[in-house]
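>>> Sequence below, structure please.
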Amino acid sequence: MSTRTDSQGEDTYIESRDQLIALFESGEKPPEKWKIGTEHEKFVYSVKDHHAPSYEEKGGIHSLLIGLTRYDWEPVFEGGNVIALSGPDGTISLEPAGQLELSGAPLDNLHQTCAETGRHLEQVKYVGDMLGLGFLGLGMWPDKTRAELPIMPKGRYGIMLNHMPRVGTMGLDMMLRTCTIQVNLDYCSEAKMAKMFRTSLALQPLATALFANSPFTEGKPNGFLSYRSHIWSDTDPARTGMLPFVFEDGFGYERYADYALDVPMYFVYRDGKYIDAAGQSFRDFLKGQLPALPGELPRESDWADHLSTAFPEVRLKSFMEMRGADGGPWNRICALPALWVGLLYDDAALDAAWEVVKTWSMEERQILRDSVPKLALDAPIPGGHILKDIAGQVLDIAQSGLVSRARLNGAGDNETGYLDALHEVVSSGKVPAQRLLDHYHGAWQGDVRHVYEEMSF
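Okay, the predicted model is just below:
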């Protein structure tokens, strides 16, 4: 989730609807200036006994953040606590139960993305070794109850933790027990954004399937391959889902702004503190009628904050976020941006990817989304087929898009090698969670603790 660094600069009051739209327009860039931003989360655990360390304990999360400052990361404070780090590789931040996230810098190509990932993991592993901490690459804690997990000292999380049980049964699980990989991408115009949004939203279940990596809950198989994805089905229906309006004629910045305005608020940030506005309306805020701040109008930073509290499968801010994948090991962190850059950053590839999904009805898209958490590549798609039947085709389209980009490293290699992990999933027919279940029922003999040996960074 987003972390404030209080470096936003001038913060103008919102006096017109045009200012809401302007944030999306500000993201427009010519294709030659498009960047790639990759976010990845990991679970932190004590090597000694696998417990999730608290913020304040000796050798815990605070110690980890301070230890990383040896690599020129600058602390970000909230209420006197270090809650994030800022540096040339982006931002290191904390999820609600201490999951450690790198929100990477905007980069030109996937070679730089994978190098950034490598630097980050080497740094956290070095500091973790000194503190007796390990890092687990999964989509959900395999063995922890909610009660066993600590809460990080971030004001927005306290508000959200209180609000989540009012609107769904699994919001606390989303906050405390999941990890994801996400990719942030640019667009050049409203029309291009709309086409990229529709294509990536329709294909988001494929990413969920390829990266499905959360088959355990509290030490036992949970009946799902991506339980992380299933959790979103009952987190908060007002701010999640497949967004049917995206596929309607006329979709663009204004329609997304209307959607975001209808998403209930969580908070307002003022003078270094988060003010509880959970369930209140940003539309009322625009009229100076927000109960949490009566008589005050929102600022542009309030709108940016509010956009970060909507959680659809694809999200629009001043860039687009791909949000469908479980957390995973090193090579799959590099694979997710490779998939979406290949599909969306080349015109021919984008056209070909849209051709695959453009005839699907909203009902068919929703059935696929609802089926993928359990069935992954065996989930049904229109025409009596399953997702596995188009997975290879879509990967080939992504491959062609990366070939067309022709971004080479020092050895003369293009970016297609980062798709290898996904090609292996499709050729084997087994998603990561199915391999974990094979181990659980086989060599692990029903003991999920072995996951710490096999899935740690």
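
>>> what's the spacing between the residue most central in space within the chain and residue 219?
Taking CA atoms, centre = their mean as the criterion, residue 182 is the residue nearest the geometric centre of the chain, at 3.7 Å. Distance, residue 182 to residue 219, by CB to CB, to the nearest Å: 27 Å. All C-beta spots, glycine's among them, are computed from the backbone N, C-alpha and C.

>>> before we move on, back to that, check the gap between the residue nearest to the centre of the chain and residue 380 for me.
From residue 182 to residue 380 the distance is 26 Å (CB to CB).

>>> go on, residue 411?
In terms of CB to CB, residue 411 sits 42 Å off from residue 380.

>>> which of the two has more neighbours?
residue 380 (15 against 6; other CB atoms under 10 Å).

>>> Might you report the residue contacts of that one?
Counting by CB atoms under 8 Å, 6 or more residues apart in numbering, residue 380 makes contact with 367-368, 371, 386-387.

>>> Just the ones of those in helices?
Counting by DSSP state H, the part of these found in helices is 367-368, 371.

>>> name the element the closest residue in space to residue 50 that isn't next to it in sequence belongs to?
Closest residue to residue 50 apart from its sequence neighbours, by CB to CB, 6 or more residues apart in numbering: residue 452 at 6.0 Å. Secondary structure assigned from DSSP states H and E places residue 452 in helix 451-454.

>>> For that helix, which helices and strands make contact with it?
Judged by 3 or more CB pairs under 8 Å, 6 or more residues apart in numbering; DSSP states H and E, helix 451-454 is in contact with strand 133-136.

>>> Residue 34 touches residue 185, doesn't it?
Yes. Judged on CB atoms under 8 Å, residue 34 makes contact with residue 185 at a distance of 7.1 Å.

>>> Neighbour count for the two, which is higher?
Taking other CB under 10 Å, residue 34 and residue 185 do not tie; residue 185 has more neighbours (24 against 17).

>>> my guess is that one meets residue 341, correct?
Yes. At 7.1 Å, residue 185 and residue 341 qualify as touching, with contact defined as CB under 8 Å.

>>> Mind listing the shared neighbours of the two?
Residues touching both residue 185 and residue 341 by CB under 8 Å, 6+ apart: residue 36.

>>> Please give the element, helix or strand, for residue 84.
strand 81-87.

>>> got the angle between the next helix or strand after that strand and strand 81-87?
Moving toward the C-terminus from strand 81-87, the next helix or strand (DSSP H and E) is strand 90-94. Using axes from the mean of the first three to the mean of the last three CA atoms, to 10 degrees, one finds that strand 90-94 and strand 81-87 are set 160 degrees apart in direction.

>>> Tell me which strands strand 90-94 pairs with, and in which orientation.
Sheet pairing of strand 90-94 (DSSP bridges) gives strand 81-87 (antiparallel), strand 100-103 (antiparallel).

>>> how close does the nearest residue to residue 255 once chain neighbours are set aside sit to residue 42?
Leaving aside its sequence neighbours, residue 255 sits nearest to residue 245 (CB to CB, 6+ apart; 5.8 Å). Distance of residue 245 to residue 42, given as CB to CB: 34 Å.

>>> higher neighbour count, these two?
For residue 245 versus residue 42, neighbours defined as other CB under 10 Å are more numerous around residue 42 (26 against 12).

>>> Dump the C-alpha coordinates for the longest strand along the chain into PDB.
Counting residues, the longest strand in the chain under DSSP state E turns out to be strand 36-46. Taking Å, rounded to 0.1, in the frame of the first residue of the first chain, the C-alpha atoms of strand 36-46 are listed here in PDB:
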ATOM      1  CA  ILE A  36       8.300   0.400 -15.700                       C
ATOM      2  CA  GLY A  37       7.700   0.400 -12.000                       C
ATOM      3  CA  THR A  38       7.700  -2.900 -10.100                       C
ATOM      4  CA  GLU A  39       6.500  -3.400  -6.600                       C
ATOM      5  CA  HIS A  40       7.000  -6.700  -4.700                       C
ATOM      6  CA  GLU A  41       6.300  -7.700  -1.200                       C
ATOM      7  CA  LYS A  42       7.800 -10.500   1.000                       C
ATOM      8  CA  PHE A  43       7.000 -12.000   4.400                       C
ATOM      9  CA  VAL A  44       9.600 -11.400   7.100                       C
ATOM     10  CA  TYR A  45      10.200 -14.100   9.700                       C
ATOM     11  CA  SER A  46      12.500 -15.100  12.400                       C
END
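
>>> other SSEs contacting it?
Here strand 36-46 touches strand 100-103, helix 110-131, strand 133-136, strand 180-185, helix 330-344, going by 3+ CB pairs under 8 Å, 6+ apart.

>>> and the second one, average pLDDT?
Looking back up the chat, that one is helix 110-131. Taken as a whole, helix 110-131 has an average pLDDT of 98.

>>> Please point out which parts of that helix sit buried.
110-114, 116-117, 120-121, 123-124, 127-128, 131 (16 or more other CB atoms under 10 Å).

>>> repeat for stretch 40-48
Residues of stretch 40-48 classed as buried by neighbour count (16+ other CB under 10 Å): 40-46.

>>> try stretch 448-457
For stretch 448-457, a neighbour-count test (16+ other CB under 10 Å) marks 448, 450-452, 455-457 as buried.

>>> Not counting its own residues, what contacts that stretch?
Here stretch 448-457 makes contact (CB under 8 Å, 6+ apart) with 42, 45, 50, 121, 124-125, 134-138, 142-143, 216, 219-220, 329-330, 436, 439-440, 443-444.

>>> for stretch 238-257, same thing?
With contact meaning CB under 8 Å, 6+ apart, stretch 238-257 is reached by 17, 20-21, 24-25, 167, 190-191, 193-194, 197-198, 201-202, 204, 232-233, 259, 262-264, 309-314, 316, 362, 365-366, 369.

>>> hmm, try it at 7 Å
20-21, 24-25, 167, 190, 194, 197-198, 201, 232, 259, 263-264, 309-313, 316, 362, 365-366, 369 (CB atoms under 7 Å, 6 or more residues apart in numbering).

>>> Cross those residues against helices and list the overlap.
20-21, 24-25, 167, 190, 194, 197-198, 201, 259, 362, 365-366, 369.

>>> Any quick PyMOL command for the buried ones out of those?
Buried residues among those (16+ other CB under 10 Å), as a PyMOL selection:
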select buried, resi 20+21+24+167+190+194+197+198+201+259+365+369
